[in-house]
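Visitor: For reference, the sequence and a predicted model appear below.
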Amino acid sequence: METIVFIGSNKSGTSRDALRVSEELGYFTVLITDREKFVLQREEFHEVHQMIYVADLLNKEHIYNEIKKLETSGKVIKGCMSLIDPFVHFAATLSKELGLVELSTDAIFLMEDKTRFRKVMKNHPATPLFDIFKPNEGPIEEWVNDYHSNFPLIIKSPVSNGSKDVMLVETKEKLKQGMNKLCSLYPHSPILIEEYVLGPQYLVEVVVYKSNIHIVGVIEQEITNLHRFIVTGYSYPALLSVEDYLKLEKVVNSILCSLGLTHGSCHLEIRFVKGEWKLIEINPRISGGAMNRIIYEGSGIDLVKETVNLNLGEEPSFQRQYEQYVYVKYLTVNSPGKLIKVTGRGRASKYEGVKDVYVKPRKGSILVPPLSMGDRYAYVLAAADSPEKAKDIATNGAKEIRFYLEPI
């Protein structure tokens, strides 16, 4: 039985979409997960034919043993992949060693750590000014006092994702506080310090097949929390002039060539600063959340499906079926509390143009003001024949959704 093995998945979003795609394509779908909760909720994963719990998903010997058990039971492994940090490189390495698809593992390795790709891209014109603090370089206070770069600055953990542990600091005192916090969270990890560049931010979804670079989508991001960089709005396709798009295309090609990505997928977060494109982040996978649905509703392209095809050694197709504008509005909460109930989903769904309404938390969950992208609790996705109309529909639909919280 032809089988695809997935290393890790979230409960929703593009990683979960990949499981559904695998099942729809007729493959026996195996999820190896480190989340005991998923095992307890096994019946909710209808598209997963076999779920295997492994406490440490980076334990190569253990994962190999589980794959060998699958083969012994008659499963023919056709693919091994992950759309979850930090397992993308690990899964790609397994795929190569199992004699399956060979992705650009060296490039994926660079992209999985922000300090690694910054070092490689140090002299690239798209790279903002940056510095790296290593815990063994001495006391933070001494390092900060000797630091002479202009504020404001961005500090982040090199292994963070979803805007987690990313902070804007505007003074030496805030820099010291932020670095102490990151050192307490990640005592053996360096800290990345970057200049803060101002300009609209875009997300660029890319798939590279045999050195052919395909920019599948460019999405403008709306950031409402400037100190934590929480994206609460996505607009697709981004409205760029031909000149700016061609410049973006050139920069993306140059970045991927510098990293050596000749076979694989990634997404870039990039800002347009005074007429130039500046790379904020790059990750070796499709973006999470509603990204696949955004691109599908706007173009008819199922990016997750084509990413799965890429990991099976098949040529992906990016033929657009139609074109329309899409806007997604995400919801957060302003104060912490225990969720009593959520209302308005049905009303939001009835708005003409609304394609999807998603609410993540269950009754009894603890909700908090956003510190990362994981603290976004619902979204409304709308499509229309103009970007303004799509945004109005999604925004008005989102106003119908209300979280009732018991203060904590």
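Guide: Looks like it arrived, so ask away.

Visitor: can you give me the helices in this protein?
Guide: Assigned by DSSP state H, the helices in the chain fall at 14-24, 36-40, 60-72, 88-97, 105-111, 114-120, 140-145, 172-185, 242-259, 291-299, 303-311, 345-349, 387-398.

Visitor: isn't Leu268 right next to Val206, touching?
Guide: Yes - between Leu268 and Val206 a contact is recorded at 6.9 Å, counting by C-beta atoms under 8 Å. Yep, even glycine has a C-beta here, placed from its N, CA and C like the rest.

Visitor: Neighbour count for the two, which is higher?
Guide: Neighbours were tallied for Leu268 and for Val206 using other C-beta atoms under 10 Å; the higher tally belongs to Leu268 (25 against 22).

Visitor: rewinding a little: can you check which of the helices of the chain gets nearest to Asp356?
Guide: Nearest to Asp356, of all these, is helix 291-299, at 5.8 Å by C-beta to C-beta.

Visitor: How far off centre is that closest one?
Guide: Offset of helix 291-299 from its chain centre (C-alpha atoms, centre = their mean, to the nearest Å): 15 Å.

Visitor: Stretch 398-408 now?
Guide: Chain-centre distance of stretch 398-408: 26 Å, with C-alpha atoms, centre = their mean.

Visitor: that older thread, how about the helices of the chain, which one is nearest Gln50?
Guide: Gln50 lies closest, by C-beta to C-beta, to one member of the helices of the chain: helix 60-72, at 7.7 Å.

Visitor: Which elements pack onto the closest one?
Guide: strand 2-7, strand 28-33, strand 76-81, helix 88-97 (3 or more C-beta pairs under 8 Å, 6 or more residues apart in numbering; DSSP states H and E).

Visitor: what about stretch 372-383, how long is it end to end?
Guide: By C-alpha to C-alpha, to the nearest Å, the extent of stretch 372-383 from end to end equals 26 Å.

Visitor: looking at it, Tyr404 is touching Thr343, isn't it?
Guide: Yes - applying C-beta under 8 Å as the test, Tyr404 and Thr343 come out as touching, 7.3 Å apart.

Visitor: ok so, going back, let's have the helices of the chain in a markdown table, adding mean pLDDT, distance to Pro369 and mean neighbour count.
Guide: Below are the helices of the chain laid out as a markdown table (pLDDT from 0 to 100; distance: least, C-beta to C-beta, whole Å; neighbours: other C-beta atoms under 10 Å):
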| stretch | mean pLDDT | distance to Pro369 | mean neighbour count |
| --- | --- | --- | --- |
| helix 14-24 | 96 | 25 | 22 |
| helix 36-40 | 93 | 24 | 12 |
| helix 60-72 | 95 | 37 | 14 |
| helix 88-97 | 97 | 30 | 22 |
| helix 105-111 | 96 | 30 | 22 |
| helix 114-120 | 92 | 25 | 19 |
| helix 140-145 | 82 | 27 | 15 |
| helix 172-185 | 87 | 17 | 16 |
| helix 242-259 | 97 | 33 | 16 |
| helix 291-299 | 97 | 24 | 23 |
| helix 303-311 | 97 | 30 | 24 |
| helix 345-349 | 97 | 22 | 16 |
| helix 387-398 | 98 | 17 | 20 |
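
Visitor: All set now, cheers.
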